[in-house]
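Enquirer: Whatever this is, show me its structure:
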Amino acid sequence: MADAARAGAHDVDAVEAELKAGTNCGSCRPEISRIISGAKVPQGVRTHVTA
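Expert: This next block holds a predicted model:
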């Protein structure tokens, strides 16, 4: 999830679309949001994530 956030999935919906995380009951959506917040790259910094 952190790699997805650093690669551009900057909200829970984007992580769900990319990884299918949080798409069943949704109870983990707050945790996904926390992970995304902790993984944000400062604006202007470019990263390259490979699969």
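
Enquirer: For the rest of this, base every contact and every neighbour count on C-alpha atoms.
Expert: Noted.

Enquirer: Would you mind listing the buried residues in the top helix by length along the chain?
Expert: Determined from DSSP state H, the single longest helix within the chain is helix 29-39. Counting neighbours by 16 or more other CA atoms under 10 Å, one finds that the buried residues in helix 29-39 are 29, 32-33, 36, 39.

Enquirer: do stretch 11-19 as well
Expert: The neighbour-count check on stretch 11-19 (16+ other CA under 10 Å) flags 12-13, 15-16 as buried.

Enquirer: mind listing which of the residues you listed are in helices?
Expert: When helices are assigned by DSSP H, the members of the buried residues of stretch 11-19 inside them are 12-13, 15-16.

Enquirer: of those residues, closest to Cys25?
Expert: Minimum distance to Cys25 across these is 12.0 Å, recorded for Glu16 (CA to CA).

Enquirer: OK, contacts around the closest one?
Expert: Shown in contact with Glu16 (CA atoms under 8 Å, 6 or more residues apart in numbering): 22-23.

Enquirer: switch to 10 Å and redo it
Expert: Applying CA atoms under 10 Å, 6 or more residues apart in numbering, we find Glu16 in contact with 1, 9, 22-24, 26, 29, 32.
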